[in-house]
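> Dropping a prediction and its sequence here:
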Amino acid sequence: MKLDALRARLAYQTVLLGCVVLLTSAALALASRATEADIEAAAMRDLRQSLAQVLPGEYDNDLLTDTLRLDVDEGPTVYRARRAGRVEAVVFQTVARGYAGPVVCIMGVARDGQLLGVRVLSHKETPGLGDKIEPAKDTWIHEFEGKSLGSPTADKWAVKKDGGAFDQFAGATITPRAVVRAVKGGLELFARERSRMLGEMEEGKT
């Protein structure tokens with residue numbers, strides 16, 4: 001008799017536990033759906049802010065919907081800024097390996113190949129040393145503004161320790177090297193894919 005009672009009790013507890021799990025799962029699913037729109041809206045706001053930091057000036061289109069995905073290896077999404085229908089600048093991400101991991105940058109480039117701005121979106125560099133790539137910690141990242149593949153010349157796209165034109169940080173040369181390499185790579189990508197990024201192929205231009 002006691003064995004039957006124990007079995008009934010165990011069965012009851014199993015059913016009860018199952019109900020609790022189902023209710024918890026349902027509650028989490030509802031909470032996820034309820035906050036999904038807010039999370040997406042916050043992500044869009046963050047993206048707009050990032051674009052604005054590297055793309056000064058006013059444009060008459062919505063950059064978030066005027067995009068192009070390059071079909072090169074791991075090609076970035078290109079956000080295009082227009083005035084009177086003409087693409088005047090583009091924004092895209094570029095990545096290089098830093099001291100502690102990938103350094104992800106976003107850069108704005110005018111149609112003439114001049115850099116409008118560069119920001120680091122994410123990194124794992126050493127606090128107090130490598131994090132000087134952040135504009136809140138140092139003005140170093142602003143050195144890229146106005147630069148292009150021809151200014152400085154190709155051999156000067158490096159930190160000064162390597163004979164280049166860009167400053168490095170005391171005790172953290174690898175991090176600025178990575179950013180310089182990422183930005184130069186982005187400019188080289190723009191030079192190769194300029195016609196596509198600017199939509200000139202769509203317009204039948206050469």
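Received the coordinates, thanks.

> Would you agree Val91 falls within a strand?
Yes: the assignment for Val91 (DSSP: H, G, I helix; E, B strand; the rest coil) places it in a strand.

> separation between it and Thr65?
Distance of Val91 to Thr65, computed by C-beta to C-beta, to the nearest Å: 14 Å. Every residue, glycine included, has its C-beta placed from N, CA and C.

> Would you mind telling me which of the two has the busier surroundings?
Val91 (25 against 8; other C-beta atoms under 10 Å).

> correct me, but that one touches Val78?
Yes: in this structure, Val91 is within contact of Val78 by C-beta atoms under 8 Å, at 7.3 Å.

> Just give the number of residues close to the spatially closest residue to Gln93 that is not a sequence neighbour.
Nearest residue to Gln93 in three dimensions, chain neighbours excluded: Pro76, at 4.8 Å (C-beta to C-beta, 6 or more residues apart in numbering). Look at Pro76: counted by other C-beta under 10 Å, it has 19 neighbours.

> What of Lys156?
Lys156 has 14 neighbours, counted by other C-beta under 10 Å.

> Please report how far it lies from Gly98.
On the measure of C-beta to C-beta, Lys156 and Gly98 end up 21 Å apart.

> Same check on Ala81?
Ala81 is 28 Å from Gly98, where distance means C-beta to C-beta.

> Could you do Gly57 as well?
With C-beta to C-beta as the criterion, Gly57 and Gly98 are 30 Å apart.

> Could you check which of the two is surrounded by more residues?
Neighbour comparison, Gly57 and Gly98: the larger count goes to Gly98, with 25 against 12 (by other C-beta under 10 Å).

> What strand or helix carries Arg82?
Secondary structure assignment for Arg82, by DSSP states H and E: strand 77-83.

> What are the buried residues along that strand?
For strand 77-83, the neighbour count (16 or more other C-beta atoms under 10 Å) marks Val78, Tyr79, Arg80, Ala81, Arg82 as buried.
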